[in-house]
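Trainee: Quick one, structure for this:
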Amino acid sequence: MSIIRQAERLPPEVRGGAVAIGNFDGVHRGHARIIGRLIERAREVDGPAVVLTFEPHPAQLLRPDAVPPPLTWVERKAQLLADLGVDRVIALPTTIELLALTAREFFDRMIAGELRARALVEGPNFYFGHNREGNVELLREFANRAGVTVDVVPPIELDGEMISSSRIRGEIAAGNVDAARSMLTAPYRIRGLVTHGAGRGRSLGFPTANLDGIDTLLPAHGVYAGVAKLAGEAWATAVNIGPNPTFGDQATKVEAHLVGRDDPLYGEVLKIDFLSRLRGVRMFESAAALRQQVASDIEAAVRVASP
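Mentor: Next up is the predicted model:
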C-alpha cells in the first residue's frame, strides 16, 4: 500500500468515506475491531476506509525523553492495516504547528475539510487537539453539527485486562513474545541491516546475520524461534539477542541463524518475526558446549516455525 504523507490537498480517493484516527502502534486485536467497524461504515457511506495516523508519534516532539520505543515502523503499520481491509493510510507529518491546533481547528481543517469524512470510528480513549483537549464526547458534538456519524468501539480484553500497545510493549520488553503474539494481528517483527560481526557463529558451524539499525522495540535478552524474511522468501530462524558471555563479549547484539541459508547477507535489510522465546542467555563452559546448545536451539526453532 502506498502511504500518503501530506496534510493538505489530499487526493480525492481519501475523501467522503469513513475515517479512524490514531497511532495504531503494533496493529493489535483491539485495533482490528476498530478497523472492522470502519470498513462497515465505509460501505454504508459508499466511500473509502481511511486511517489517519501520525509520523512521527506526537510524543517525539512533545516528550522526546519519555517516548516509548515503537512496535512498528510506518510501512509495516500500513501493510498490517491494509491486510485488515483498509483502503488508504495517511501518515500525517507531525509538526509543532499541527500539535498547536485546537480540537475545533483540527476537526474543521482535517476531518471536515481535507477528508470530508462522513463517518468516524474511534476507541473510547481517543483524544485530539492541543494538549489532548478533545475527547470522544467533544468529537460527537462537532460531528453531529457537521452531519458526520461517530462510532466508539469498546476495547478487547484478554485475561481480564485490556489489549493495548503499552501492554504489548511490556510483554515484548520482558521477552514474552508468545503473549504479545496472542494480542497482535501478526507476529512481532523487527528489521535491521545485516553487518559484519565477529564470525563466531560461522566458526561454530552456524553462520549468523548480525543486525544493526533496529528502529523498533527489541525483545529482552534471550534466544528466540522466529521466521526471517528477505526478498519474498522466508526461513525458520534462531535469534540470539544479548551478549555472548562464553567469549567474554558483553555488548548486546542481534544474531540470526537462517536455517538452510549460509551465504553472506551483508547490506541487506532483514526482517524477523518472533514466534517464541526458547531460553535465556547464559555462559557455557566451552565452545563445544555452546555448539551443542545452539544445535538444539536451531532444532527447536524449526519445530516452532513449522506449519
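Trainee: Show the subsequent helix or strand relative to the helix or strand of the chain with the lowest mean pLDDT.
Mentor: Comparing every helix and strand of the chain by mean pLDDT, DSSP states H and E singles out helix 200-203 as the least confident one, with a mean of 68. Remark: after helix 200-203, the chain's next helix or strand is strand 209-212, criterion DSSP states H and E.
Trainee: Sheet partners, orientation included, of the helix or strand following that next one?
Mentor: Going down the chain from strand 209-212, the next helix or strand is strand 222-230, by DSSP H and E. As defined by DSSP bridges, the strand partners of strand 222-230 come to strand 233-244 (antiparallel), strand 269-279 (antiparallel).
Trainee: Can you add mean neighbour count and give these back as TSV?
Mentor: C-beta coordinates here come from the backbone N, C-alpha and C atoms, glycine included. Shown next, in TSV, are those (neighbours: other Cβ atoms under 10 Å):
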stretch	mean neighbour count
strand 233-244	21
strand 269-279	19
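Trainee: So for Leu71, which of these sits nearest?
Mentor: Proximity to Leu71 (Cβ to Cβ) singles out strand 269-279 among the strands paired with strand 222-230, at 11.6 Å.
Trainee: which residues in the stretch 101-250 of the chain form strands?
Mentor: Here the stretch 101-250 of the chain has its strands, by DSSP state E, counting those that start in this stretch, at 119-122, 149-152, 157-158, 161-162, 188-195, 209-212, 222-230, 233-244, 249-258.
Trainee: So which of the ones you listed is the most surrounded?
Mentor: Across the strands of the stretch 101-250 of the chain, averaging neighbours per residue (mean count of other Cβ atoms under 10 Å) puts strand 119-122 on top, at a mean of 25.
Trainee: mean confidence for that strand?
Mentor: For strand 119-122, the mean pLDDT works out to 98.
Trainee: Which elements pack onto that strand?
Mentor: Applying 3 or more Cβ pairs under 8 Å, 6 or more residues apart in numbering; DSSP states H and E, we find strand 119-122 packed against strand 18-21, helix 29-45, helix 136-146, strand 149-152.
Trainee: Nearest to Asp273, out of those?
Mentor: Of all the helices and strands packed on strand 119-122, helix 29-45 sits nearest to Asp273, with 16.9 Å by Cβ to Cβ.
Trainee: buried set for the closest one?
Mentor: Within helix 29-45, the residues that count as buried by 16 or more other Cβ atoms under 10 Å are 29-35, 37-39, 41-42, 45.
Trainee: can I get those residues in a markdown table with pLDDT?
Mentor: A markdown table is the format used below for these (pLDDT from 0 to 100):
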| residue | pLDDT |
| --- | --- |
| Arg29 | 98 |
| Gly30 | 98 |
| His31 | 98 |
| Ala32 | 98 |
| Arg33 | 98 |
| Ile34 | 98 |
| Ile35 | 98 |
| Arg37 | 98 |
| Leu38 | 98 |
| Ile39 | 98 |
| Arg41 | 98 |
| Ala42 | 98 |
| Val45 | 98 |
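Trainee: follow-up on the earlier one: out of the strands paired with strand 222-230, which comes closest to Ala143?
Mentor: Among these, the nearest to Ala143 by Cβ to Cβ is strand 269-279 (38.4 Å).
Trainee: if we can go back for a sec, where among the strands of the stretch 101-250 of the chain is the average confidence lowest?
Mentor: Lowest mean pLDDT within the strands of the stretch 101-250 of the chain: strand 249-258, a mean of 90.
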